[in-house]
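In: below are the sequence and a predicted model; questions follow.
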Amino acid sequence: MKTMTKEQAHELAVKIAKVLDDKKGRDIVIIDISAKSVLADYFVIASGRSTTAVKSLCDNVEEKLSEEGIEPARRDGMNETKWIVMDYGSVILHVFHEETREYYHLERLWVDGANCERYGE
């Protein structure tokens, strides 16, 4: 996968957030994890009201980015659909069923205040 600058990674994170917002993704956040992890520069986290919505959100992101030649390196959870992870290299997308997101509360591990931006509010 092509290596991105942090600016390019942020642009991709915002693009993903917009696609999620356009399809009624809920509680969308972009978290800058670059100072905390070598995994990626950004997490994009969103919720769907149902497992069908979670899968639909991820399918839509994959389709829209694929149109631009951007493909995920890995995907996980597509069969379970309570928590789907899509790895775009410098940006990792997490889409949760609302109850699953509340249970794992992934943001608490990564947010320190200044590194979190809410999208669509």
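Out: Done, it's in.
In: contacting residues for the spatially most central residue of the chain?
Out: Centre of the chain computed as the mean C-alpha position; nearest residue by C-alpha atoms, centre = their mean is residue 93, 2.3 Å away. For residue 93, the contact set (C-beta atoms under 8 Å, 6 or more residues apart in numbering) comprises 16, 43, 44, 45, 46, 58, 61, 84, 85, 86, 87. Every residue, glycine included, has its C-beta placed from N, CA and C.
In: between those residues, which is closest to residue 106?
Out: Ranked by distance to residue 106 (C-beta to C-beta), the contacts of residue 93 are led by residue 45 at 6.2 Å.
In: name the residues of stretch 23-42 that are buried.
Out: 23, 25-26, 28-34, 40-42 (16 or more other C-beta atoms under 10 Å).
In: could you work out the end-to-end span of that stretch for me?
Out: Start-to-end span of stretch 23-42 (C-alpha to C-alpha, to the nearest Å) is 21 Å.
In: neighbouring contacts of the helix or strand that contains residue 13?
Out: Using DSSP states H and E, residue 13 maps to helix 6-22. With contacts defined as C-beta under 8 Å, 6+ apart, helix 6-22 is touched by 4, 25, 28, 30, 32, 34, 40-42, 44, 46, 57, 60-61, 64-65, 70, 88-91, 93, 95, 119-120.
In: what about these, which are in helices?
Out: 57, 60, 61, 64, 65 (DSSP state H).
In: neighbours around the fourth one, how many?
Out: I take that to be residue 64. Using other C-beta atoms under 10 Å, residue 64 has 17 other residues around it.
In: likewise for the last one?
Out: One way to gauge burial is a neighbour count; for residue 65, by other C-beta under 10 Å, it gives 20.
In: before we move on, what about residue 102?
Out: Look at residue 102: counted by other C-beta under 10 Å, it has 10 neighbours.
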